[in-house]
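1. sequence? don't have it. structure:
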């Protein structure tokens, strides 16, 4: 089975919500559940922390997805080795991850880049920051819900793309 790894900064908001959303979609589809596993990690995570309360609340209230058992983890070489596809929340995350693990470059994309054009990486002058997924950390619940809805739309598109792929 191929593992899809989501990466953000602290692994308490964006990547944990993306993981929860995709795990729910994979579990509901026999084809996907036989082909993919899903995990997440953070570039600056404190191992063992929970998902943020507002991230838990956003997914539970809007889709009845429970990520309360999520535990944050810092990215490791094993995570990279075990991932068939690595999807980051921002280009900054992507660049940092590739700097840390250069051998992962061929399987590392921003989530939006993977869904749009395969993850091109324009120069800083050309970069459109709207392609990043904004971090709701420390913000009121409405920001978490806005982020969660953006992630849900992206995960729905990812599911359709995965159904048409033969693996990584």
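-> Everything's here; your move. Here the structure is a predicted model, which means the values were calculated and not measured. Numbering: from 1, shown residues only.

2. can you pull the contacts of the residue nearest to residue 39 when sequence neighbours are not counted?
-> Ranked by Cβ to Cβ, 6 or more residues apart in numbering and with sequence neighbours excluded, the top spatial neighbour of residue 39 is residue 5, at 5.3 Å. Every residue, glycine included, has its C-beta placed from N, CA and C. Residue 5 sits next to 38-41, 79-80, 82-83, 85-87 when contact means Cβ atoms under 8 Å, 6 or more residues apart in numbering.

3. for residue 112, same thing?
-> 131-133, 154 are the contacts of residue 112 under Cβ under 8 Å, 6+ apart.

4. can I get those in TSV with neighbour count?
-> What follows is the contacts of residue 112, written out as TSV (neighbours: other Cβ atoms under 10 Å):
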residue	neighbour count
131	14
132	20
133	23
154	19
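
5. And those residues, which is closest to residue 48?
-> Proximity of the contacts of residue 112 to residue 48 (Cβ to Cβ) peaks at residue 133, which lies at 24.0 Å.

6. Would you mind measuring from the closest one to residue 27?
-> 23 Å (Cβ to Cβ, to the nearest Å).

7. All the strands of the chain, residue numbers only.
-> In the chain, the strands defined using DSSP state E lie at 2-8, 36-42, 83-88, 108-110.

8. strand partners of the third one, parallel vs antiparallel please.
-> Okay, so that is strand 83-88. Paired with strand 83-88 in the same sheet, following DSSP bridges, are strand 2-8 (parallel), strand 108-110 (parallel).

9. possible to save these as TSV with distance to residue 49 and mean pLDDT?
-> Formatted as TSV, these follow (distance: least, Cβ to Cβ, whole Å; pLDDT from 0 to 100):
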stretch	distance to residue 49	mean pLDDT
strand 2-8	13	97
strand 108-110	24	95
